[in-house]
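J.: quick one: sequence and predicted model below, then my questions.
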Amino acid sequence: MVGTLLLNGCAQTGPAIAKNTGLQVSPHGRYSGLYQASLTQATTAAKEALQEIGMSYDAVVTRTPTQVLIQGVTLKHQVVQVTLDAHNAQQTEVSIHSGYYGNKRLSLQFQRLLAEDLRAGEKSH
């Protein structure tokens, strides 16, 4: 099912889980979620979500068969980096980071919009 966020367990020494979201959060504020979506589907949805959070500029700076890196700037001049890693043909991990310690509000908003965009894409097929 596209757009379903998988809940990942974590060891005590691993990354924290954002409360009630199923997202992993690194010590430096990188918010990551694993989605049931191909890399292509997740990239399209990520670009849509970035526009919805007010990106004034975004560009794919790296693309390989298993990874896409998107960097951009918000209207408030915050640099944002989104990394998409294909775990397999139908699972993609998507992480977002902004600033040195991250931006919780922006990251959670992006991940919510990403999940919604993936669900909307699933319904249109």
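T.: Done, it's in. Predicted model only: the values in this text are computed from it and were never measured. Numbers count the residues shown, from 1 in each chain.
J.: C-alpha from now on. contacts and neighbour counts both.
T.: Noted.
J.: ranges for the helices of this structure?
T.: According to DSSP state H, the chain carries its helices in the segments 39-52, 104-123.
J.: lowest mean pLDDT across those, which one is that?
T.: When these are compared on average pLDDT, helix 104-123 comes out lowest at a mean of 90.
J.: buried deepest among the helices of the chain, which one?
T.: Each of these was scored by mean neighbour count; the highest is helix 39-52, a mean of 21, by mean count of other C-alpha atoms under 10 Å.
J.: which residues touch that one?
T.: Contacts of helix 39-52 from elsewhere in the structure, counted by C-alpha atoms under 8 Å, 6 or more residues apart in numbering, are 35, 58, 66-68, 82, 84-86, 89-92, 94, 110-111, 113-114, 117-118.
J.: spatially central residue in the protein, please.
T.: Val94 (3.5 Å; C-alpha atoms, centre = their mean).
J.: what's the pLDDT at the nearest residue to it once chain neighbours are set aside?
T.: Once flanking residues are discounted, Val94 sits nearest to Leu84: 4.5 Å by C-alpha to C-alpha, 6 or more residues apart in numbering. The score at Leu84 is 97. That number is its pLDDT.
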